[in-house]
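Asks: Make a model of this:
(2 chains)
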Protein chains: 2
Amino acid sequence: MIKGKQSIEFENTPYVIGYACTAGKKEGEGPLGSYIDTISEDAMFGMQTWEEAESHMQKLTAQTLLDKSGLTAEDIRYIFAGDLLGQLIATSYGIMDLQIPLFGVYGACSTMGETMALASMSVAAGYAPKAVALASSHFASAEKQFRFPLEYGNQRPLAATWTVTGCGSVVLSEDDSMHDGSGKRAHIRVAGITTGKIVDYGVKDSMNMGACMAPAAAELIAQNMSDFGAGDDYYDLIITGDLGLVGRTIILDLLERKGIHIEDRYSDCGIEIFDGDKQDTHAGGSGCGCSAVTLCAKILPMIEQGRLGRVLFVPTGALMSPTSFNEGKSVPGIAHGIVLEHV
Amino acid sequence: MIKGKQSIEFENTPYVIGYACTAGKKEGEGPLGSYIDTISEDAMFGMQTWEEAESHMQKLTAQTLLDKSGLTAEDIRYIFAGDLLGQLIATSYGIMDLQIPLFGVYGACSTMGETMALASMSVAAGYAPKAVALASSHFASAEKQFRFPLEYGNQRPLAATWTVTGCGSVVLSEDDSMHDGSGKRAHIRVAGITTGKIVDYGVKDSMNMGACMAPAAAELIAQNMSDFGAGDDYYDLIITGDLGLVGRTIILDLLERKGIHIEDRYSDCGIEIFDGDKQDTHAGGSGCGCSAVTLCAKILPMIEQGRLGRVLFVPTGALMSPTSFNEGKSVPGIAHGIVLEHV
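Replies: Just a heads-up that it's a prediction; the model follows:
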């Protein structure tokens, strides 16, 4: 059960029996656009504030998830959910109406990894026949929270990433029965997890999140491979959350120094979700929604279809706030690893 | 294992093999003062900012916990921790140096309940031989985050509560061996948990948190008693987190209407931690630190000594942020229940 220093290998592996994602217009115009369940042309999602828009996106995603999975809120024992805003308000106001017992979690942009880890642990332990993991971010609510007013139109350095407007969610189940009417069995399972420690290399540039988070992701991947006795070719794909182009170079370099050579099977959700050349997103996408949407729009379908056999999904988070930034603190990183397998 | 609609009754009950708390000067002058491990006369805890002070308090508490328990950081598989600040910065910077795999959680002032629930679930499932649950709040960092600058010296309505400067933490273990050199066995176990849903009665007054949170606490207690088949005298003590004097009246009234009569065994950590008449704290104490410190300074020692046989510990949280308040949103509540027993 316990595997190595920081991992769990599940005896009763939880199955992914449903997934859904929602995103904004820009994400819809990107490479994953046609695989996203719902795309809103209106960045406000019909609401009055950016925060309400993000909440509404969560609500919409959770409802789509239940509908696609053939389930109702009563079928779900727990929901593990989070977002980037102070005091998780996108989550609290977004999923309140579902009336599902809630564990609110905060792992910055690693939140989808944290929610999936906890939901998987609960299902595998028999605490929940079915549990939902969900995470979101919204470009405008995040810019307002962390950076500049949109109206200011600030210039962005090339190392900066673009916060994804999106929400992703999965249902984990103790058995592989699908309830979507297809009569199929589930083809995706969570084989294990690796839980991250906070890693701080002292980087203070919040406009270069890739550099802040890459060390945590490198340590997490190395620890996961050590815990699972994995060689360089154990995974068909190792995909981080939102390191972007700058973080990509750093993490591959850090892993090379540890003797791990995965360049031929490494990717990053922040690189996958936008077409950087055409969409002016600089280093790539970021935010909880970046890994959550890429997971649900691309990675899970590919595992389901058997095009990927085993994937290490590693959402990455930068643990800072506007206050910590203004007080001159560094930006430590964290990463959470989820081992997904085709069955 | 699964018990009723929202609860778990653990088969392998986790044991509390250590607990520690730290608090500020005002809390030290209150009724629990002599039971708090460390009291700092300096509200800044020797640091430069309020946020650093809260982080330092977490670090100090975790170290005291390990020392009292005869453990080192390497003995702890996971830490579940949180605080009230945006993006959990008190936690990230506070416990970073411990280098323990981290699950950051946010449940507003219910955080100690949420961390204890998740840590107990992990230990009982065999995922962690030992896990730590920790939560903190600091009066000055919370006032700065949620209310007015301290220098403004605003008048506070009588329904307002006073955020506790304090941090509490416990070690949960899969077996009852104590490592503190006493040669004793643990006398406290976590028999079960009940996980809360978000409850919103539409109250918008963030200066009357008791009224915002009481409905969630009442529903949680009623659900717990239903799930465990508990009569009015099942618990020796039912203690909420920070409803204060206003919330006390409301929750007892709400429970009476559900046919639950627990006035003779009900208390609230916010009422216990300060002497309201002498300490000018109005409705009582609040914040994650309120329930966390009261748990570690008073409730756990009384269970350990056998003066309390079975306790329902119900930290309560108000799910709002400065942004949601300014945007005119209501303040929904949540509560998490932990069933503690003397063994």
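
Asks: looking at chain A, which helix or strand does the model trust least?
Replies: helix A:276-279 (a mean of 92; mean pLDDT, DSSP states H and E).

Asks: what packs against that one?
Replies: If you count contacts as 3 or more C-beta pairs under 8 Å, 6 or more residues apart in numbering or on different chains; DSSP states H and E, helix A:276-279 packs onto no helix or strand. Glycine gets a C-beta too; all of them are placed from N, C-alpha and C.

Asks: Show me what counts as buried in that helix.
Replies: By 16 or more other C-beta atoms under 10 Å in any protein chain shown, the buried positions in helix A:276-279 come out as A:276, A:279.

Asks: what does stretch A:319-333 give?
Replies: Using 16+ other C-beta under 10 Å as the test for burial, stretch A:319-333 gives A:319-325, A:329-333.

Asks: again with stretch A:5-22
Replies: In terms of neighbour count (16+ other C-beta under 10 Å), stretch A:5-22 has its buried residues at A:6-10, A:13-22.

Asks: Just confirm A:Lys59 is within a helix.
Replies: Yes: counting by DSSP: H, G, I helix; E, B strand; the rest coil, A:Lys59 falls inside a helix.

Asks: For it, give me its contacts.
Replies: By C-beta atoms under 8 Å, 6 or more residues apart in numbering or on different chains, A:Lys59 lies in contact with A:94-95, A:97-98.

Asks: Narrow the residues you listed to just the buried residues.
Replies: A:94-95, A:98.

Asks: filter those residues down to the ones close to chain B.
Replies: A:Ile95 (C-beta under 8 Å from any C-beta of the partner chain).

Asks: for the buried ones among the contacts of A:Lys59, which one is nearest B:Gly30?
Replies: A:Ile95 (36.8 Å; C-beta to C-beta).

Asks: who's in contact with the closest one?
Replies: Per C-beta under 8 Å, 6+ apart, neighbours of A:Ile95: A:58-59, A:62, A:79, A:81, A:102, A:134, B:198.

Asks: Among those residues, which are located in strands?
Replies: Judged by DSSP state E, the contacts of A:Ile95 include A:79, A:81, A:102, A:134 as members of strands.

Asks: Taking these together, which two end up most distant?
Replies: Pairwise distances across those peak at 10.2 Å for A:Leu102 and A:Leu134 (criterion: C-beta to C-beta).

Asks: When those two are compared, which one has more neighbours?
Replies: A:Leu134 (29 against 26; other C-beta atoms under 10 Å in any protein chain shown).

Asks: what separates that one from chain B, distance-wise?
Replies: A:Leu134 is 14 Å from chain B, where distance means C-beta to the nearest C-beta, to the nearest Å.

Asks: what about A:Gln155, how many neighbours?
Replies: Number of residues near A:Gln155 (other C-beta under 10 Å) recorded here: 5.

Asks: List, out of the buried residues of stretch A:5-22, those positioned next to chain B.
Replies: Okay, of the buried residues of stretch A:5-22 touching chain B (C-beta under 8 Å from any C-beta), that's A:6, A:8.

Asks: show me the contacts for A:Val314.
Replies: Contacts of A:Val314 by C-beta under 8 Å, 6+ apart are A:113, A:217, A:220-221, A:238-241, A:335-338.

Asks: Show me the residues you listed that map onto helices.
Replies: If you go by DSSP state H, the contacts of A:Val314 have A:113, A:217, A:220-221 in helices.

Asks: I'd like a version of the residues you listed in TSV, one that adds neighbour count and pLDDT as further columns.
Replies: TSV is the format used below for these (neighbours: other C-beta atoms under 10 Å in any protein chain shown; pLDDT from 0 to 100):
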residue	neighbour count	pLDDT
A:Gly113	33	98
A:Ala217	33	98
A:Leu220	29	98
A:Ile221	26	98
